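Participant: compute the structure for the input listed below.
(chains A, B, C and D)
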Protein chains: 4
Amino acid sequence: MTSKLIAIVAGVGPGTGASVARKFAKTYPVVLLARKPENYESLASEINKSGGKAIGVSTDVSSQDSLKNALDAIRKEFGNDVGAAAAIFNASGSFLRKPFLEIDASVFEQSLNVSALGSILFSQAFLPLLLKGKEQGSQHPPTLIFTGATASVKSNAQMASFSTGKWALRALSQSLAKEFGPQGIHVAHAIIDGVIDIPRTKEWLKDLGPEAKLSSDGIADDYWYLHTQPATNFTWEIDTRPAVEKW
Amino acid sequence: MTSKLIAIVAGVGPGTGASVARKFAKTYPVVLLARKPENYESLASEINKSGGKAIGVSTDVSSQDSLKNALDAIRKEFGNDVGAAAAIFNASGSFLRKPFLEIDASVFEQSLNVSALGSILFSQAFLPLLLKGKEQGSQHPPTLIFTGATASVKSNAQMASFSTGKWALRALSQSLAKEFGPQGIHVAHAIIDGVIDIPRTKEWLKDLGPEAKLSSDGIADDYWYLHTQPATNFTWEIDTRPAVEKW
Amino acid sequence: MTSKLIAIVAGVGPGTGASVARKFAKTYPVVLLARKPENYESLASEINKSGGKAIGVSTDVSSQDSLKNALDAIRKEFGNDVGAAAAIFNASGSFLRKPFLEIDASVFEQSLNVSALGSILFSQAFLPLLLKGKEQGSQHPPTLIFTGATASVKSNAQMASFSTGKWALRALSQSLAKEFGPQGIHVAHAIIDGVIDIPRTKEWLKDLGPEAKLSSDGIADDYWYLHTQPATNFTWEIDTRPAVEKW
Amino acid sequence: MTSKLIAIVAGVGPGTGASVARKFAKTYPVVLLARKPENYESLASEINKSGGKAIGVSTDVSSQDSLKNALDAIRKEFGNDVGAAAAIFNASGSFLRKPFLEIDASVFEQSLNVSALGSILFSQAFLPLLLKGKEQGSQHPPTLIFTGATASVKSNAQMASFSTGKWALRALSQSLAKEFGPQGIHVAHAIIDGVIDIPRTKEWLKDLGPEAKLSSDGIADDYWYLHTQPATNFTWEIDTRPAVEKW
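Facilitator: Now for the predicted structure:
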């Protein structure tokens, strides 16, 4: 791996975030952002041991100060002039599936703070690095990818504490795609429609067979494919689901 | 006017809010909510003088405390058991049409606080009154209407500080329509696509003729029509624009 | 009723078509189009007996010749210079809910011939009368309304013989709204999402209560409301469903 | 190339069709369908000379007989038991961008016959081969891809003779994705939003720079990528446009 450009992944956990980090780490040094260090520590050392380069920074994407701190850590590690080849926003606030009037306002607020405000702050923090990556001659157009969900396009009963933030995130990604596409930055949004196959979901959907859950490595392949599209052929949005999923 | 049920209008200003308040004041006592008293004072006295009943309460919809205060004022005026026939959320945060990286994070935050969090808090405050209105035998299904915009379905370059909140608002309205429809509450969303004809826009679009701007009284007619739909025929969403509008 | 302008309703049957015809017949002479005379005969005589004016013409909207014949009959009755205030396309081809590979191609063809080609031919036949209605000083902007369905925005498994035509119809209505709006013609599309309460559906959804089915008179009210919107406030699309409908 | 499974491409011309055929020909014998032999002859010989295998069959996708004839030719060449790994529908009827009332009905009819009926007939003809490909152990899930356009999701003024068919096509693809996904067939739809860089468009958009037009080879890469997705991660829809495209 000889790239001077880095890839940043926010929202690293056991599923999509880790798979995406591993995939991009084959080509770029990766920066792993999560609030809790236990979410990135073993992944960072796994990547570092297997010939890649990874650093983790404890970061709350809903806080400008915390993102500034992450940027400082990145520049300390990779130099003040560091550019980025990719920035992937995979964070989600927690939410509750309950009757609307039984949910405390703080739940909505926290969810919006991560999905809506957090995605904005993340973009403001890392788009300058992506633009620098473009100047520095990135092999592929620098790419900003947002992870969406079924709830990004459908807002079901009792799901508002999730969907409000996810719809806002999708709006952000569309606006940024239109503004930064002409500047050579590829902005994309992925509707991940289904259950992701991770340890926590091991027992779910078992009756539907072994292919009923999304592979997070498959999602990482999708993100990498989006990253490699040329400037003549940018995809803004994909939706992805298991073949057997009802939709 | 003999209705015991009230109508609440948040985001009263010179355009849609005032027209909607006047329209609903023909049938219901109306509560006018706006941050600045100058936005509702003359309207309230106009309605009170012309045989209707209106009170104004200075309210910040992005603050739970402020909404609690509004509820107290409403109960003081109309009784602890007051029910509502309609609640209309017409508030919007301010936003900036500028390059994304030149907009201070506080602008996004304030816009989300009104359109996304504010619409949630408003709904949590007034859905209980709408449910009470239903119990108390409202003539028409109690109605919760949200005002959207072009930016509710399209997120253009440099418009993210507006569209993120508006997409979140639309998600909220769809989720609430699905949850509260079966409880007899009509939740609707109006995509107002165009310039509204108010004093501030007097000189705009003049070359397109006298019908190039939306009539706010026309919007009020639409909201009233939605309010009168029976439970067998609820419309969730309408889009409305001048005949000459390009879209 | 003193209007010189007429209203045309295609696809007159026991539900929406008849209700719409009755509603518009309170103001305009109505022309009832259906392939089978038994679908309009009793309705026409009901309207004629109750002080309105109606003629029925056996018409296949998928045939240009048949529509030409309908135009001849209309001009014979109302004069060569007759203008229209409203034209409502409520026809649907029959379809089959079966595995895709078990449906004969003729079913798809026939469905497309009515919903897609038929709506185009209907529009080409009657837009000139609507434009004439505008010239002749119609009280409300002349209105062209298309009836859609759940399948106009969602294309479920085994529903392609219905949805392909309905999506095409919706595309037509959007294009015509954009082209003819600036010419003063109001083009609208109604997504009727649910079961309509007609004799044939009497036993359906009984367990969901008396309000689980759409009232066709309610749909007619919606269409009339759309018709009365001023040129400053045209709604292109509404969706309408029972309060208890899952969506 | 040792695959026994074939790939079928309908609508072979100088752009997307040819690029897709070349791409899939690296792995599969390809069948090139177009009405005019001059659209596939040189491509077939190019593929055959460069180590691939291609046959062309003059086919009108809007005719069941013509498709039956194509199937006969395929079975004659590849055996009665031949299965398919991919079938790509890239055909489009011609259309006119003119005022709606100036377009002859035959133009709409012909366009619907290709995009709407043609895509249905094509699917009925080749889905059985894709299902056979699955039985025969295809390496990747057999894939049915439909080419869409900007007009598949937006229906502009004067574009109805194109958009009606394209919306119908998109409806078909969604319904088939839902029905055949659970059977292991990957059905996808690509919204190609922009001008494709082919000889005929050489002089177009020159002022927007060398990247203002879509690369048809890039589209072929997208289709191939879709083809290689595993059954746990099927993408139904992508949109693709040049970075500088306004949308």
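
Participant: residue ranges in chain A under the pLDDT threshold?
Facilitator: Counting by pLDDT under 70, the ranges of chain A that qualify are A:1-3.

Participant: got the residues of it near chain D?
Facilitator: A:141, A:178, A:181-182, A:184, A:186, A:197, A:211, A:213-215, A:218-219, A:221-222, A:225, A:229-247 (Cβ under 8 Å from any Cβ of the partner chain). Backbone N, C-alpha and C define where each C-beta goes, glycine included.

Participant: can you tell me which of these are buried?
Facilitator: A:141, A:178, A:181-182, A:184, A:186, A:197, A:211, A:213-215, A:218-219, A:221-222, A:225, A:229-245, A:247 (16 or more other Cβ atoms under 10 Å in any protein chain shown).

Participant: circling back: filtering the residues of chain A next to chain D by proximity to chain B, which remain?
Facilitator: Contacts with chain B within the residues of chain A next to chain D, counted by Cβ under 8 Å from any Cβ: A:Lys178.

Participant: mind checking which of the buried ones among the residues of chain A next to chain D land in strands?
Facilitator: Among those, DSSP state E puts A:186, A:234-241 in strands.

Participant: and of these, the nearest to A:Glu102?
Facilitator: Ranked by distance to A:Glu102 (Cβ to Cβ), these are led by A:Arg241 at 29.9 Å.

Participant: wait, the closest one sits on A:Trp247?
Facilitator: Yes - A:Arg241 lies in contact with A:Trp247 (Cβ atoms under 8 Å); the separation is 6.2 Å.

Participant: give me phi/psi at A:Ser45?
Facilitator: A:Ser45 adopts backbone torsions of phi -70, psi -30, taken as degrees, to the nearest 10.

Participant: counting neighbours, what do you get for it?
Facilitator: As a burial measure, A:Ser45 scores 12 neighbours (other Cβ atoms under 10 Å in any protein chain shown).

Participant: what is in contact with A:Arg241 and A:Trp247 at once?
Facilitator: Listed contacts common to A:Arg241 and A:Trp247 are A:Asp193; contacts here mean Cβ atoms under 8 Å, 6 or more residues apart in numbering or on different chains.

Participant: which one is A:Ser173 nearest to, not counting chain neighbours?
Facilitator: Closest residue to A:Ser173 apart from its sequence neighbours, by Cβ to Cβ, 6 or more residues apart in numbering or on different chains: A:His189 at 4.0 Å.

Participant: now the helix or strand where that neighbour lies, how far from the chain's geometric center?
Facilitator: Under the criterion of DSSP states H and E, A:His189 resides in strand A:186-192. Here strand A:186-192 is found 9 Å from its chain centre; the criterion is Cα atoms, centre = their mean, to the nearest Å.

Participant: and stretch A:211-223, by the same measure?
Facilitator: 14 Å.

Participant: now do the same contact list for the residue of chain A most remote from its centre.
Facilitator: Outermost residue of chain A with respect to the C-alpha centroid, by Cα atoms, centre = their mean, is A:Leu101; its distance is 30.6 Å. A:Leu101 is in contact with B:124, B:127-128, counting by Cβ under 8 Å, 6+ apart.

Participant: check those against chain C and report the nearest one.
Facilitator: Using Cβ to the nearest Cβ, B:Leu127 is the member of the contacts of A:Leu101 that lies nearest chain C, at 14.8 Å.

Participant: for that closest one, list the residues it contacts.
Facilitator: Taking Cβ under 8 Å, 6+ apart, we find B:Leu127 in contact with A:100-101, B:87, B:144, B:176, B:180, B:185.

Participant: could you rerun that using 6 Å?
Facilitator: Contacts for B:Leu127 (Cβ atoms under 6 Å, 6 or more residues apart in numbering or on different chains) come out as none.

Participant: so where's the longest helix in chain A?
Facilitator: helix A:160-180 (DSSP state H).

Participant: could you give the angle of it to strand D:234-241?
Facilitator: Computed with axes from the mean of the first three to the mean of the last three Cα atoms, to 10 degrees, the direction of helix A:160-180 lies at 30 degrees from that of strand D:234-241.

Participant: what's the closest non-adjacent residue to A:Gln136?
Facilitator: A:Gly83 (4.5 Å).

Participant: one step back: my read: the residue nearest to A:Ser173 touches A:Gly148, true?
Facilitator: Yes - in this structure, A:His189 is within contact of A:Gly148 by Cβ atoms under 6 Å, at 5.5 Å.

Participant: of the two, who's got more company?
Facilitator: Applying other Cβ under 10 Å to A:His189 and A:Gly148 shows that A:His189 carries more neighbours, namely 25 against 22.

Participant: look up how far chain D lies from that one.
Facilitator: 10 Å (Cβ to the nearest Cβ, to the nearest Å).

Participant: repeat for A:Gly11
Facilitator: Distance of A:Gly11 to chain D, computed by Cβ to the nearest Cβ: 19 Å.

Participant: which SSE is the residue lying closest to A:Asp81 once chain neighbours are set aside in?
Facilitator: Spatial nearest neighbour of A:Asp81, chain neighbours left out: A:Lys132 (7.2 Å); criterion: Cβ to Cβ, 6+ apart. A:Lys132 belongs to helix A:119-135 when elements are defined using DSSP H and E.
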